[in-house]
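Colleague: 3D model of this:
(chains A and B)
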Amino acid sequence: MIEKMMKTQLFAWVDKRTGAEAIIKSQLTEYPAPKNLNYMWNFGSLALLMLVLQIVTGIFLVMYYKPSAEATFGGFTVAFDSVERIMRDVNFGWLIRYMHAVGASMFFVVVYLHMGRGFYYGSFKAPRELLWIIGVVILLIMQGAAFFGYLLPWGQMSFWGATVITNLFGAIPVLGEYVSQVLVGGFAVGDPTLNRFFSLHYLFPLLLAAIVGGHVHALHVVHSNNPEGIDLHKPEEMIPFHPYYTIKDAFGVAFFLTIYAYIVFFNPQMGGYFIEVDNYVPANNLSTPAHIAPVWYLTPWYTILRSFESKLIGVLAMGGSLAILFLLPFLCRSAVRSARFRPVYKIMVIMFFIDVIVLGYCGHSAPTPTLKIVGQLSTAYYFLFFVALPFLPKFEKTKPVPEGI
Amino acid sequence: MKLTNTMMAIIAAAVLGFSVPAIANEGGAHLKHAEVDASDQAQIRRGLGVFTDVCMGCHSAKYIRYQSLMAYPEIGLTRAEVDELRGDRSLMSGMISDMAIEDAISSYGKAPPDLSLIVPGRRGGANYIYSLLTGFEHDPEGKVPDGNYNPIYPGGRIAMPDPLSWLEHDEADTAEIEKQAQDVAAFLTFIGDPHQNERRAIGCWVVGFLILLTLVLWRLKVEVWKDVKH
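Modeller: Coordinates of the predicted model:
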């Protein structure tokens, strides 16, 4: 189909002015991709899909949403009322809003699996260090965007989550107090906070779109890693991205959308994990919820924060646990990429995945002494994993790596 | 592929674990199961009756306009019925209680929460509402006055004084009060998300279509890939 389209006169006219043919060839029909990529390589295109869906649904939500914490009848606010108006009175507003709220969680599901793939198959190793680093920047901006967005409905968890997190900045010496006041726009979370969070919630996805462009560009320079983690040279090991991976990604998209649609239409709150129960209660600065927890995708880092008695050390540990992701390509020094041929790393990385799930569970649950210890041990392993990586090649006997695929 | 299977198993386990809804409320009290059907017009209408006769003495449901009592097919009142309910209030007005919030605070010490979102906004949802309304007891320690002790409510002391007169009701009335509590729980479940039935109905078509699309694209993928040798 593409070949046919490229033979038309219209295309020739466009091509003369844009070089479209060269782009299509180098990026799609002649872009070489390893032929042995498994389904773990589908999550990149799914993440792009989710970014687009979030931006599109978000644009429609903004047409009706009103960022104002002004009180209305019955202890509600203009912002909360406008969300309920979207849910009840706007035609298919409920659909757009549930797509956006569920979409935020599904975006993180996809991105965490995408990162897990990179961890397991060593996709962050040379020559893909910068590709990984751009990816970590995307993760941080995503987490920021999600955090800002969660304040907008002005529910109890919106309000108290923002209060807890913005207070954290106060723990930073010297500048902390100032940073926290600038972020909040005053001394406590209120109407100015809602307005600046709304502004940033609109800005961050635009940043994301630009940086994702950089991420894809960086990928197309160094090309995809593969499950064997070896460099491929022979032409018979490669297949063109189009049509092979376009159709495989399309299949992945349809499969993923089926699960996504099932959640949106039949279980949008996901038992309080995707939309928290307390966020159906309007924000009230005089009544703290029994248990404040962020949404699931931020809970692993929340556990790391809570694992330390000192607030400052907790904040540093939480920041460090994200910052250390930048260093991963340089900490992991083994010449072998894929965990398939690294028996010790394989166990360590699977334990790391379980560890992050345990951290997430601890952060989501009401704190108990047992969970606190579990959380602290998991935090310790989180950092131990990264610290041990540079020493691994000294004793790990890697399996022989295949010549080709 | 072996690894992918392991990963899929982990993901599946995580997703299943996440999707189990919370059954207990904050207080940890065990909730009774409410027979509630948010698409049953008869039950929702009975619940609406309980709501206007009892709950609206103090509580409002500001997001439900009188007009929507006609517009939502799940309720489907006639104009005459709505006119009788609303009195001199506007058709576009929300269902607001006659009791001023200040009066409620001075009588009961607390503003009665708006009930539009009470089901999605409480752990246990309809089960919680049903259990709470039929959960009033005498305080075993005798500290909380009768009508304010309810072990279902977090902390056990509730400002709302036994609206359905559950405490010391006649044995013969048990079934009737339980039915009223379930009916009003059904009404509150419906108004918590008034498009839920439409959502599920559309969802069947959307998910059905996507399953078909997935199957077609899967066969197409297999077809396109058949000449790639591994």
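
Colleague: from here on, contacts and neighbour counts on C-alpha atoms
Modeller: Will do.

Colleague: ok, longest helix in the chain?
Modeller: Assuming you mean chain A. Of all the segments assigned as helix in chain A under DSSP state H, the longest by residue count is helix A:191-222.

Colleague: Correction: the question concerned chain B.
Modeller: Chain B, longest helix under DSSP H: helix B:196-225.

Colleague: for that helix, what is the average pLDDT?
Modeller: The pLDDT scores in helix B:196-225 average 98.

Colleague: Now A:Y150: closest residue in space, sequence neighbours ignored.
Modeller: Among residues not flanking A:Y150 along the chain, A:S158 sits closest, at 5.5 Å (CA to CA, 6 or more residues apart in numbering or on different chains).

Colleague: So the one you found sits against A:A283, correct?
Modeller: Yes. With contacts counted by CA atoms under 8 Å, A:S158 reaches A:A283, the gap being 7.3 Å.

Colleague: shared neighbours of those two, which are they?
Modeller: Shared contacts of A:S158 and A:A283 (CA atoms under 8 Å, 6 or more residues apart in numbering or on different chains): none.

Colleague: next helix or strand past the lowest-mean-pLDDT helix or strand in chain B?
Modeller: Least confident element among the helices and strands of chain B, by mean pLDDT, DSSP states H and E: helix B:2-19 (a mean of 49). For helix B:2-19, the following helix or strand on the C-terminal side (DSSP states H and E) is helix B:41-53.

Colleague: What residue spans form the domains of chain B?
Modeller: B:21-194, B:198-225 (automatic domain parsing).

Colleague: Near chain A, which residues of chain B? Just list them.
Modeller: By CA under 8 Å from any CA of the partner chain, the part of chain B that sits against chain A consists of B:1, B:4, B:18-22, B:26, B:62-63, B:101, B:113-114, B:117-118, B:120-123, B:193-195, B:199-200, B:202-203, B:206-207, B:210-211, B:213-214, B:217-218, B:220-221, B:224-225, B:228, B:230.

Colleague: For A:F107, which non-adjacent residue is closest in space?
Modeller: A:M50 (5.5 Å).

Colleague: That neighbour and A:G103 touch, don't they?
Modeller: Yes. Between A:M50 and A:G103 there is a contact under CA under 8 Å: 6.7 Å.

Colleague: which strands and helices sit next to the longest strand along chain B?
Modeller: Counting residues, the longest strand found in chain B (DSSP state E) is strand B:61-65. Counting contacts by 3 or more CA pairs under 8 Å, 6 or more residues apart in numbering or on different chains; DSSP states H and E, strand B:61-65 packs against strand B:94-95.

Colleague: The strand it packs on: how far from the chain's middle?
Modeller: 18 Å (CA atoms, centre = their mean, to the nearest Å).

Colleague: following that strand, which helix or strand shows up next?
Modeller: Proceeding N to C from strand B:94-95, the next assigned helix or strand is helix B:101-108, under DSSP H and E.

Colleague: can you list contacts of that next one?
Modeller: Applying CA under 8 Å, 6+ apart, the set of residues contacting helix B:101-108 from outside is A:74, B:58, B:110-112, B:159-160.

Colleague: Go ahead and produce PDB holding the CA coordinates of it.
Modeller: C-alpha atoms of helix B:101-108 as PDB (Å, rounded to 0.1, in the frame of the first residue of the first chain):
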ATOM      1  CA  ILE B 101     -26.700  23.300  57.000                       C
ATOM      2  CA  GLU B 102     -26.200  25.700  59.900                       C
ATOM      3  CA  ASP B 103     -29.300  24.300  61.600                       C
ATOM      4  CA  ALA B 104     -28.100  20.800  61.100                       C
ATOM      5  CA  ILE B 105     -24.700  21.700  62.600                       C
ATOM      6  CA  SER B 106     -26.400  23.200  65.600                       C
ATOM      7  CA  SER B 107     -28.800  20.200  66.100                       C
ATOM      8  CA  TYR B 108     -26.400  17.400  65.300                       C
END
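
Colleague: next SSE after that helix?
Modeller: Assigned by DSSP H and E, the successor of helix B:101-108 is helix B:125-133.

Colleague: related to what we said a few turns ago, filter the residues of chain B next to chain A down to the buried ones.
Modeller: B:18-19, B:26, B:62-63, B:101, B:113-114, B:117-118, B:120-123, B:193-195, B:199-200, B:203, B:206-207, B:210-211, B:213-214, B:217-218, B:220-221, B:225 (16 or more other CA atoms under 10 Å in any protein chain shown).

Colleague: if I pick B:A111, what's in contact with it?
Modeller: B:101-102, B:104-105 are the contacts of B:A111 under CA under 8 Å, 6+ apart.

Colleague: Nearest residue to it in space, please, no chain neighbours.
Modeller: B:I105 is the one closest to B:A111 (CA to CA, 6+ apart), at 5.2 Å.

Colleague: same thing with B:T78?
Modeller: B:M70 (6.1 Å).

Colleague: tell me which element residue 81 is part of?
Modeller: Picking chain A for this. helix A:78-88.

Colleague: Hmm, no, I was thinking of chain B.
Modeller: Element membership of B:E81 [criterion: DSSP H and E] is helix B:79-86.

Colleague: Show me the contact partners of that helix.
Modeller: Against helix B:79-86 from outside (CA under 8 Å, 6+ apart): B:52, B:66-67, B:69-70.

Colleague: Noted, bye for now.
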